[in-house]
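Need a 3D model of the following:
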Amino acid sequence: MDTTLSQTAGIADHGHGPAKGLGRWLFTTNHKDIGSLYLWFSLLMFLTGGCMALMIRAELFQPGLQLIQPEFFNQMTTMHGLIMVFGAVMPAFVGLANWMIPIMVGAPDMALPRMNNWSFWILPFAFTLMISTLFMEGGGPDFGWTFYAPLSTTYAPPSVTFFIFAVHMMGFSSIMGAINIIATILNLRAPGMTMMKLPLFVWTWLITAFLLIAVMPVLAGVVTMMLMDIHFGTSFFNAAGGGDPVLFQHVFWFFGHPEVYIMILPAFGIISEIIPTFARKRLFGYASMVYATSSIALLSFLVWAHHMFAVGMPLAGELFFMYATMLIAVPTGVKVFNWVATMFHGSMTFETPMLFALAFVVLFTIGGFSGLMLAIAPADFQYHDTYFVVAHFHYVLVPGAIFSIMAGVYYWLPKWTGHMLNERLGKAHFWLSFIGVNITFFPMHFVGLAGMPRRIPDYALQFADFNAVASVGAFIFGFSQLVFVYNIISCIRGGERATDQVWEGSHGLEWTLPSPAPYHTFSKPPLIK
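Numbering: from 1, shown residues only. Model (predicted):
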């Protein structure tokens, strides 16, 4: 069977003819099928990690022991972070990339379809292994999602070995996905599709893929060093054997800070596709957006130790990392300016994807401002390890990464399914999520500035009111996601048919406006001269 034909038909050719039922999903090499698998897996992980977050917030609803033991609280904070970062946000972006990049660049499929299948199917096994550590002797990892040594090596439960194996598997998956995306964008573009005509979502993913290839081996290295310290008598991070615990932080954050941008650059791409559609204008400053994204990616390698101001580094080091971090605000500011300039004098309408995109711009900017505060080295001594840091990165990752994923799903789902979403339910989901997020995370700025430490299951009485408010907000946000799930499933099952002109009043512009690209809609083949 011709491989290309089998891919476009949504079936797999693995020597036994067209696959049916479960076999179709196990062996598929079709980029749309694999994109759907990534998105469903991401949704499952998002709900799993969300339940863990609700456990944390339920315990923090008031001071004193309520629901869970401190040891289990620590396991929940660790698992929540790892699942949300590696299981929810990253696979969702890879799923959107799988679905949209071949379509946007005019490719028949991803460049390496079988590797695409493999890179997905590693993930369910990796996360099953990781979550199973909670049921092992001694409990699951309890050292926070950053797994600092020597807490994660000398004092770790036996399950940490399985946790390390799971991290390696996730890394394999990410590297294979990144290679596939780079090969597709560089080699399978339609004739006439030059690099500076790529839609911005494709550009942001190309840059993100290079980041993944650069930093995932660093994560693999640091967890391998942990494994050696635990089982093979080395002392990389053990001061008693001549090692240095701070070395762990340097290596981890050299991976960890670019990782933050891996989780936000594709979001920039999604928002840069949505805002021009609903503003009925071309994106303002296309070239400057490409250069700003590249600048952010390069600078992300120079700022890792701003997470480590409290370890006692030399003053020159603190100054370098402080100024380098502030420099990242410049290209980020360019992007925010361009989004606002795109909307300026636009003929805007406010359908669900646009509402999420607007919330992204406003709330991500708040997260950026608190990030600038944390970049000030002497001030960071006060903010470090308080709830102010938790507020900062949740404002970047929830209204940033997660809202943009939701915006992308609402925006592209009519194209994927042929059915329109229920706009009323979509708006209800948006407002509940928007209110819930702000009620949850805004009070954390205040308790953090007042000195409440993070990752502690109990706290002093003066923090009780704001914590109660935050917990209520978390439950509002958590349960509002059920509206999202219901809306997606009902859209897939049926509903109003989507036309070529999907969004009301958009005059069929959504595929020609966001970026200066050749004519590309789903209803007609690309026009190649």
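
May I ask which helix or strand encompasses the closest residue to Ala209 other than its chain neighbours?
In space, Ala209 comes closest to Ala178 once its chain neighbours are excluded; the distance is 3.9 Å by Cβ to Cβ, 6 or more residues apart in numbering. From N, CA and C alone the C-beta is placed, and that goes for glycine too. Assigned by DSSP states H and E, Ala178 belongs to helix 160-187.

can you give me the mean pLDDT across that helix?
The predicted model gives helix 160-187 an average pLDDT of 97.

quick one: low-confidence parts of the stretch 301-450 of the chain?
Across the stretch 301-450 of the chain, no stretch falls below the confidence threshold (pLDDT under 70).

where along it do the helices fall?
315-343, 352-375, 377-383, 387-396, 403-417, 423-449 (DSSP state H, counting those that start in this stretch).

could I get the ones you listed as JSON lines with distance to Leu54 and mean neighbour count?
Rendered in JSON lines, the data for the helices of the stretch 301-450 of the chain read as follows (distance: least, Cβ to Cβ, whole Å; neighbours: other Cβ atoms under 10 Å):
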{"stretch": "helix 315-343", "distance to Leu54": "31", "mean neighbour count": "17"}
{"stretch": "helix 352-375", "distance to Leu54": "21", "mean neighbour count": "21"}
{"stretch": "helix 377-383", "distance to Leu54": "26", "mean neighbour count": "15"}
{"stretch": "helix 387-396", "distance to Leu54": "14", "mean neighbour count": "23"}
{"stretch": "helix 403-417", "distance to Leu54": "19", "mean neighbour count": "23"}
{"stretch": "helix 423-449", "distance to Leu54": "11", "mean neighbour count": "20"}
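
re earlier: identify each buried residue in the helix holding Ala178, please.
In terms of neighbour count (16 or more other Cβ atoms under 10 Å), helix 160-187 has its buried residues at 160-164, 166-182, 184-185.

pretty sure His394 is in contact with Phe442, am I right?
No: because the distance of 10.0 Å does not satisfy Cβ atoms under 8 Å, His394 is recorded as not touching Phe442.

residue contacts, Ala166?
When the contact criterion is Cβ atoms under 8 Å, 6 or more residues apart in numbering, the partners of Ala166 are Ala126, Phe127, Leu129, Met130, Thr133.

again, only using 7 Å
With contact taken as Cβ atoms under 7 Å, 6 or more residues apart in numbering, Ala166 is in contact with Ala126, Leu129, Met130.

Next, count neighbours for the nearest residue to it once chain neighbours are set aside.
In space, and not counting its chain neighbours, Ala166 is closest to Met130: 4.0 Å by Cβ to Cβ, 6+ apart. The number of residues packed near Met130 is 25, by other Cβ atoms under 10 Å.

Report the separation between Met130 and Trp40.
Taking Cβ to Cβ, to the nearest Å as the measure, Met130 and Trp40 are separated by 18 Å.

and what of Lys20?
Here the criterion is Cβ to Cβ. By it, Lys20 lies 19 Å from Trp40.

These two: which is more packed in?
It is Trp40, of Lys20 and Trp40, that has more neighbours when counted by other Cβ under 10 Å, with 14 against 8.

What residues of the helix or strand hosting that one count as buried?
Trp40 is part of helix 31-59, with elements assigned from DSSP H and E. By neighbour count, and taking 16+ other Cβ under 10 Å as the criterion, the buried residues in helix 31-59 are 31-39, 41-46, 48-50, 52-57, 59.

Contacts for stretch 455-475, please.
Counting by Cβ under 7 Å, 6+ apart, residues outside stretch 455-475 touching it are 53-54, 57-64, 70, 73, 77, 144, 436, 439-440, 443-444, 446-447, 450, 452.

in that stretch, what counts as buried?
Under the neighbour-count criterion of 16+ other Cβ under 10 Å, stretch 455-475 has 455, 457, 459, 463-464, 466-467, 469-471, 473-475 buried.

I'd like the residues you listed as JSON lines, with secondary structure, pLDDT and distance to Gly285 appended.
Output for the buried residues of stretch 455-475, formatted as JSON lines (DSSP: H, G, I helix; E, B strand; the rest coil; pLDDT from 0 to 100; distance: Cβ to Cβ, whole Å):
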{"residue": "Arg455", "secondary structure": "coil", "pLDDT": "94", "distance to Gly285": "41"}
{"residue": "Pro457", "secondary structure": "coil", "pLDDT": "95", "distance to Gly285": "47"}
{"residue": "Tyr459", "secondary structure": "coil", "pLDDT": "96", "distance to Gly285": "46"}
{"residue": "Phe463", "secondary structure": "helix", "pLDDT": "97", "distance to Gly285": "44"}
{"residue": "Ala464", "secondary structure": "helix", "pLDDT": "97", "distance to Gly285": "47"}
{"residue": "Phe466", "secondary structure": "helix", "pLDDT": "98", "distance to Gly285": "40"}
{"residue": "Asn467", "secondary structure": "helix", "pLDDT": "97", "distance to Gly285": "42"}
{"residue": "Val469", "secondary structure": "helix", "pLDDT": "98", "distance to Gly285": "39"}
{"residue": "Ala470", "secondary structure": "helix", "pLDDT": "98", "distance to Gly285": "38"}
{"residue": "Ser471", "secondary structure": "helix", "pLDDT": "98", "distance to Gly285": "42"}
{"residue": "Gly473", "secondary structure": "helix", "pLDDT": "98", "distance to Gly285": "36"}
{"residue": "Ala474", "secondary structure": "helix", "pLDDT": "98", "distance to Gly285": "37"}
{"residue": "Phe475", "secondary structure": "helix", "pLDDT": "98", "distance to Gly285": "41"}
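
As a markdown table, the residues you listed with distance to Ile262 would be great.
Compiled in a markdown table, the buried residues of stretch 455-475 are given as follows (distance: Cβ to Cβ, whole Å):
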| residue | distance to Ile262 |
| --- | --- |
| Arg455 | 23 |
| Pro457 | 30 |
| Tyr459 | 32 |
| Phe463 | 33 |
| Ala464 | 37 |
| Phe466 | 32 |
| Asn467 | 31 |
| Val469 | 32 |
| Ala470 | 27 |
| Ser471 | 30 |
| Gly473 | 27 |
| Ala474 | 25 |
| Phe475 | 30 |
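
Can you tell me which of those residues lies closest to Val105?
Within the buried residues of stretch 455-475, the smallest distance to Val105 is 39.5 Å, found for Ala474 (Cβ to Cβ).

Return the distance of that closest one relative to Ala428.
To Ala428, Ala474 is 18 Å away according to Cβ to Cβ.

Noted, bye for now.
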